[in-house]
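Colleague: quick one, fold the following:
(one chain, ligands or ions: 1)
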Amino acid sequence: MNITNDKVTEYINRYYNPLDNEMKCFREKSEEDCIPIILKETESFLKVMLNMKRPARILEIGTAVGYSAIFFARLLPEATILTMDRHPKLIPVACENFAAWEEGRRIEFRTGEAIETLDELIRDMESDPEAFEYFDFVFIDAGKSHYKEFFERAERLSKKDALFICDNILMKAYLVDDRAYDPGRRHRTSVKRMQEFIDYIYEREDLDATLMSDGDGLLMIRHND
Ligand SMILES: C[S@@+](CC[C@H](N)C(=O)[O-])C[C@H]1O[C@@H](n2cnc3c(N)ncnc32)[C@H](O)[C@@H]1O
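Modeller: Purely as a prediction, here's the structure:
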């Protein structure tokens, strides 16, 4: 289910403004191919946040074909992006896209299970904490059952004032009432784990967080000290 009223979403997206014609075509092609890229309203929100924060180094968990990574790189010409994915069919498409777009030169793409990739990065960071380039913006957009593991690792790799944005947090409203919106309860485990993640974030007194019903639900997090 769309978590917001379809007419409201349609209204909001009348104001959607692609970065440029090439990004417009990239979105259209990805949508035609049924690739789960960021929704238009999520992109609009990210654009404002990124322009405010102006991060130098972005960590993304969940690349798909590289749409959001290229969007970040194109929006912020000084930024470098590290993104990761494990999908055997999408990895070659993402590689092709990163090679074809000029911005791909500022995007590092790591393949494999995200938890392992993040652990590799933690090992790099621990072996030379002075040289490690810490992240100041993190976008979590991958397996819904592992947001807590992703966040805990990403947090170790990030600066104190980093901003974290997690996508699909309301999971098509299953999180609100999985009996109503996911009657077969096929997503029961992911729903339970996502709920535990949200509770964990809100229980931490050193974090400020806000849950938003933008797109498929976003959770924005930062340290408050
Ligand atoms: C929603 S898509 C990412 C979309 C992308 N951020 C964009 O907007 O263009 C989620 C991606 O996460 C990847 N993914 C899911 N769980 C993962 C995991 N545990 N490790 C690595 N990649 C994962 C999937 O293969 C999929 O390509």
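Colleague: when you work out contacts or count neighbours from here on, use the C-alpha atoms and nothing else.
Modeller: Will do.
Colleague: after the helix or strand of the chain with the lowest mean pLDDT, which helix or strand is next? Please name it.
Modeller: Taking mean pLDDT, DSSP states H and E as the measure, the chain has helix 178-181 as its least confident helix or strand, at a mean of 69. Using DSSP states H and E, the helix or strand that follows helix 178-181 in sequence is helix 188-203.
Colleague: please list the outside residues in contact with that next one.
Modeller: Residues outside helix 188-203 that contact it (C-alpha atoms under 8 Å, 6 or more residues apart in numbering): 144-148, 169, 171, 174-175, 178, 207-209.
Colleague: list the buried ones in it?
Modeller: For helix 188-203, burial by neighbour count (16 or more other C-alpha atoms under 10 Å) applies to 188, 190-191, 193-195, 197-198, 201.
Colleague: what does stretch 168-177 give?
Modeller: Of the residues in stretch 168-177, those buried (16+ other C-alpha under 10 Å) are 168-175.
Colleague: now stretch 127-142
Modeller: Neighbour counts over stretch 127-142 (16+ other C-alpha under 10 Å) mark 134-142 as buried.
Colleague: ok, now stretch 33-53?
Modeller: Those buried within stretch 33-53 under the rule 16+ other C-alpha under 10 Å are 37-44, 46-47, 50.
Colleague: what about the lengthiest strand in the chain, near the ligand?
Modeller: Determined from DSSP state E, the single longest strand within the chain is strand 158-166. No: residues of strand 158-166 contacting the ligand under C-alpha under 6 Å from any ligand atom: none, with a closest distance of 10.3 Å.
Colleague: contacts for that strand, please.
Modeller: 134-141, 218-223.
Colleague: contacts for stretch 107-114 next, please.
Modeller: Here stretch 107-114 makes contact (C-alpha under 8 Å, 6+ apart) with 61, 69-70, 73, 80-87, 91, 95, 98, 117, 150.
Colleague: which ones among the residues you listed lie within strands?
Modeller: For the contacts of stretch 107-114, secondary structure assignment (DSSP E) places 61, 80-85 in strands.
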